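Chemist: How does the following fold in three dimensions:
(chains A and B)
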Amino acid sequence: QLQLQESGPGLVKPSETLSLTCTVSGDSIISSSSSFWVWIRQSPGKGLEWIGILYYSGTTYYNPSLKSRVTISGDTSRNQFSLKVTSVTAADTAVYYCARHSYGVGYHWGQGTLVTVSS
Amino acid sequence: DIQMTQSPSTLSASVGDRVTITCRASQSISSWLAWYQQKPGKAPNLLIYKASSLESGVPSRFSGSESGTEFTLTISSLQPDDFATYYCQQYSDYTHTFGQGTKLEIK
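Modeler: Take a look at the predicted model:
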């Protein structure tokens, strides 16, 4: 059964780099050509914002509004994928979700983790 | 980028009502559209994928349809557990986008 678990610091200082990891169980981030790995965030009281996607080949695509500050990468040895957001501000305070996108289907989500940007 | 325009933003209804939520894409997305339900403090939950396919375990009172670039989520008879926020999402493009959300409230 698929499980995704986000982990990382809950508090990040302004101008620093936010780093989160998603640990995947029940699927492999590289063995399936029909599973893709995604980060989404939700600011308090707001809607869902798509951050970016990692394909099994290592190819990534990002939200154009965040592209200059975001990197998504995979660690195949640990079956994890990660998110880095540089130069954070209070506007990056959000619940961050990782998810699996199965080809042709929607997303199956982790439980999310709250990251607060504050000094 | 493909924009998704979802309406209404808020919907008040009663148990037993039939409700519809609409999402319009700014360009063709074929049928690559999903609907999610989100309850406070929880992650979104997949209801419908490929515009009209019901996710396993989702009650049959939920259904999806499409007409061109307009997509509809219908709940045939509202149950108390259905009061939540609903989002559409396109996954046709290399970059995916969500609608703004519809909060379904008890009248």
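
Chemist: And stretch B:53-64, what's buried?
Modeler: In terms of neighbour count (16 or more other Cβ atoms under 10 Å in any protein chain shown), stretch B:53-64 has its buried residues at B:54-55, B:58, B:62-64. No exception for glycine: its C-beta is placed from N, CA and C like everyone else's.

Chemist: Most widely separated two among these?
Modeler: B:Glu55 and B:Ser63 (11.8 Å; Cβ to Cβ).

Chemist: Tell me how far the residue lying closest to A:Leu2 once chain neighbours are set aside lies from A:Thr113.
Modeler: Excluding its sequence neighbours, the residue lying closest to A:Leu2 (Cβ to Cβ, 6 or more residues apart in numbering or on different chains) is A:Gly26, at 4.0 Å. Distance, A:Gly26 to A:Thr113, by Cβ to Cβ, to the nearest Å: 19 Å.

Chemist: swap in A:Cys98?
Modeler: On the measure of Cβ to Cβ, A:Cys98 and A:Thr113 end up 9 Å apart.

Chemist: Common neighbours of those two, please.
Modeler: A:6, A:20 (Cβ atoms under 8 Å, 6 or more residues apart in numbering or on different chains).

Chemist: who's more crowded, these two?
Modeler: A:Cys98 (31 against 19; other Cβ atoms under 10 Å in any protein chain shown).

Chemist: Is the single nearest residue of chain B relative to chain A part of a helix or strand, or is it coil?
Modeler: Proximity of chain B to chain A (Cβ to the nearest Cβ) peaks at B:Ala34, 3.1 Å away. Put simply, B:Ala34 is strand when judged by DSSP: H, G, I helix; E, B strand; the rest coil.

Chemist: Which residue, neighbours along the chain excluded, lies closest to it?
Modeler: Nearest to B:Ala34 is A:Gly106, by Cβ to Cβ, 6+ apart, at 3.1 Å.

Chemist: How about the contacts made by the residue nearest the centre of chain B?
Modeler: Nearest to the mean C-alpha position of chain B, by Cα atoms, centre = their mean, lies B:Trp35 at 3.8 Å. Going by Cβ under 8 Å, 6+ apart, B:Trp35 touches A:106, B:21, B:46-48, B:62, B:64, B:73, B:86-89.

Chemist: Find the nearest non-adjacent residue to it, please.
Modeler: Nearest one to B:Trp35, counting by Cβ to Cβ, 6+ apart, is B:Ile48 at 4.1 Å.

Chemist: Excluding chain neighbours, give the residue nearest to B:Ala43 in space.
Modeler: Closest residue in space to B:Ala43, ignoring its immediate chain neighbours: A:Trp109 at 4.1 Å, by Cβ to Cβ, 6+ apart.

Chemist: how near is that neighbour to A:Phe36?
Modeler: 14 Å.

Chemist: repeat for B:Pro40
Modeler: 28 Å.

Chemist: And for B:Val15?
Modeler: Taking Cβ to Cβ, one finds B:Val15 at 38 Å from A:Phe36.

Chemist: Give me the more crowded residue out of these two.
Modeler: Taking other Cβ under 10 Å, B:Val15 and A:Phe36 do not tie; A:Phe36 has more neighbours (22 against 12).

Chemist: So that one lies in a strand, does it not?
Modeler: Yes - secondary structure of A:Phe36 (three-state DSSP): part of a strand.
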